[in-house]
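Trainee: my questions are about this predicted structure, shown below with the sequence.
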Amino acid sequence: MTIIGIDDTDSRTLGMCTTYLGARLGEQVEAAGGSVERTLLVRLNPAVEHKTRGNAAVAVHCDLDADDALGIADDLLDHAATDDDATNPGAVVADCEPGAVPDPVEQFAVDAVRTHHDIEAAEELIDEAGYRSAARGLGRGRIGALAAVGAWAAFEEWTYECISYREQDRWGTDRDVDYDSIFAAAEAAYPTVWDTVDRAEHTAVCVPRTPCPILHGIRGDDPDAVREVAAQINGEAVQSRQLFVTNQGTDAHLQSGNIGEAKDGHAYRLSGTVADAPETREGGHVFLPLADGEDRLQAAAFEPTKRFRDRVRALRPGDRITACGEVADGTLKLEKFALRDRVETELVTPDCPDCGRSMKSAGADAGYRCRDCSTTAPGKVDQPLDRDIEEGWYEVPPVARRHIAKPLIRGGFDASIHSER
């Protein structure tokens, strides 16, 4: 087998798409007499500085001779958006079974999804493994390309995406899609097919808003189901479709951690206690202080997470939660959380048992007294809280979900779920 990895071919402003070149790569492999076993779409760490829009790398698993494969990949790099100085594409070709890459290459893939690499580390490992490579510009894309080579061995959980591509003369123009057909197809295929639309926001999540070649991308747990939904969407002509095996929707980027060790540029699953009441700040962003012993970490649900912010606002000091998300500038950007232990009471000033009025402080450490009835109480009393949030998992809506984040509807969580659709 031969594995061909490519990355960093697109531009935030000029378009192009690494998945598009990955699909063309597979076509050219077959045109050269090879056969393609699968095409991977690998989402890398969403927190890295030099990322493309979705930080996706692609790997093609085929039986073409490795030298011929490198020639095809090298030629395709000429189609990358290199007029953008931030685009520095790369390709890596490995002559081995996808599940039998060396351990350092497998670990490199894990770290590319969860931490950071520099180009020097990638170049050194490419040489050590005896792989072939090609690049343009700084060749930073070889980091993602090498990670894509090792991904099949590195990860066990995979989902599917069927991407439909536009005819080239329509790139950069408004997309012509029938939204009624998208919502109907999404409803019929849910929950096997997920994150196609956001019903509450009336948004077709599957349709991008960038100048890239993609018309729409349909994600789910079954390859036939995502193909079927894609075929049911009406609109402009589709040039081609490609089915990808992908780590999207798997939470592969999350690592277990704790509040005291959380670092910028990494994504975590960590536990803490709500230390103070949630605070809504300018712009509608909601901030939540978390504590674990003496350690503190600020979490946030930013405005684009929409209704998820109401879930965060419903938390109370003393609630025990598991929080998931990326840390940036010392703040955990919430993707989902689980309410583990819910505070059921709060301390309040006691009422007078005789007249029912609220008592007043009797002085420092002197408790409370009713000035009318002269009754006293030693201190504040517990009062039941009327909570409007249940224990279990909560998530950002599809319109705000990262590609790699796992939707609750996919299951496998350790508590009840309150999924968004």
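Mentor: Arrived safely, thanks for sending.
Trainee: list the contacts of Ala147.
Mentor: The contact partners of Ala147, by C-beta atoms under 8 Å, 6 or more residues apart in numbering, come to Gly5, Asp7, Val42, Leu44, Ala57, Phe108, Ala109, Ala112, Val113, His117. C-beta here means a position set from N, CA and C on the backbone, and glycine is covered the same way.
Trainee: typed the wrong thing, it's Lys306
Mentor: Neighbours of Lys306 in contact, by C-beta under 8 Å, 6+ apart: Ala200, Glu201, Val396, Pro397, Val399, Ala400.
Trainee: I figured the last one hits Phe308, correct?
Mentor: Yes - when contacts are counted by C-beta atoms under 8 Å, Ala400 is listed as touching Phe308 (6.9 Å).
Trainee: not counting its neighbours along the chain, what's nearest Arg227?
Mentor: Among residues not flanking Arg227 along the chain, Cys162 sits closest, at 5.0 Å (C-beta to C-beta, 6 or more residues apart in numbering).
Trainee: can you check Val110 too?
Mentor: Per C-beta to C-beta, 6+ apart, closest to Val110 is Ala154, 4.9 Å.
Trainee: pretty sure the one you found contacts Pro104?
Mentor: No - using C-beta under 8 Å, Ala154 is not in contact with Pro104; the gap is 11.2 Å.
Trainee: give me the more crowded residue out of those two.
Mentor: Shown here are Ala154 and Pro104; by other C-beta atoms under 10 Å, Ala154 has more neighbours (22 against 14).
Trainee: which other helices and strands contact the lengthiest strand in the chain?
Mentor: Using DSSP state E to define each element, the chain has its longest strand at strand 331-341. Applying 3 or more C-beta pairs under 8 Å, 6 or more residues apart in numbering; DSSP states H and E, one finds that strand 331-341 contacts strand 267-274, strand 286-292, strand 295-301, helix 308-313, strand 320-328, strand 392-395.
Trainee: could you rerun that using 7 Å?
Mentor: Judged by 3 or more C-beta pairs under 7 Å, 6 or more residues apart in numbering; DSSP states H and E, the packing partners of strand 331-341 are strand 295-301, strand 320-328, strand 392-395.
Trainee: any chance of those strands in JSON lines, plus mean pLDDT, distance to Ser133 and mean neighbour count?
Mentor: Below are these laid out as JSON lines (pLDDT from 0 to 100; distance: least, C-beta to C-beta, whole Å; neighbours: other C-beta atoms under 10 Å):
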{"stretch": "strand 295-301", "mean pLDDT": "97", "distance to Ser133": "39", "mean neighbour count": "20"}
{"stretch": "strand 320-328", "mean pLDDT": "97", "distance to Ser133": "29", "mean neighbour count": "21"}
{"stretch": "strand 392-395", "mean pLDDT": "98", "distance to Ser133": "38", "mean neighbour count": "21"}
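Trainee: wait, isn't Glu420 in contact with Pro397?
Mentor: Yes - Glu420 is within contact range of Pro397, at 4.3 Å (criterion: C-beta atoms under 7 Å).
Trainee: neighbour count: those two, which is higher?
Mentor: Set Glu420 next to Pro397 and count neighbours by other C-beta under 10 Å: Glu420 wins out with 26 against 21.
Trainee: check the gap between that one and Glu228 for me.
Mentor: Distance, Glu420 to Glu228, by C-beta to C-beta, to the nearest Å: 23 Å.
Trainee: I'd guessed the residue nearest to Val110 sits against Glu106; true?
Mentor: Yes - under the contact definition of C-beta under 7 Å, Ala154 touches Glu106, with a separation of 4.8 Å.
Trainee: returning to that earlier point: residues contacting the residue nearest to Arg227?
Mentor: If you count contacts by C-beta atoms under 7 Å, 6 or more residues apart in numbering, Cys162 has them with Ile218, Val226, Arg227, Ala230, Arg241, Leu243.
Trainee: most neighbours, which of those residues?
Mentor: That'd be Ile218 among the contacts of Cys162, by other C-beta under 10 Å, with 29 neighbours.
Trainee: now the helix or strand hosting that residue: average pLDDT?
Mentor: Applying DSSP states H and E as the criterion places Ile218 in strand 214-220. Strand 214-220 shows a mean pLDDT of 97.
Trainee: how about stretch 106-124?
Mentor: 95.
Trainee: now do that stretch: distance to the chain's middle.
Mentor: With C-alpha atoms, centre = their mean, to the nearest Å as the basis, stretch 106-124 stands 19 Å off its chain's centre.
Trainee: and the end-to-end length of it?
Mentor: Stretch 106-124 has its terminal residues 15 Å apart, counting by C-alpha to C-alpha, to the nearest Å.
Trainee: try stretch 298-313
Mentor: Stretch 298-313 end-to-end distance (C-alpha to C-alpha) = 14 Å.
Trainee: for that stretch, the distance to its chain's centre please.
Mentor: Relative to the centre of its chain, stretch 298-313 is centred 16 Å away, using C-alpha atoms, centre = their mean.
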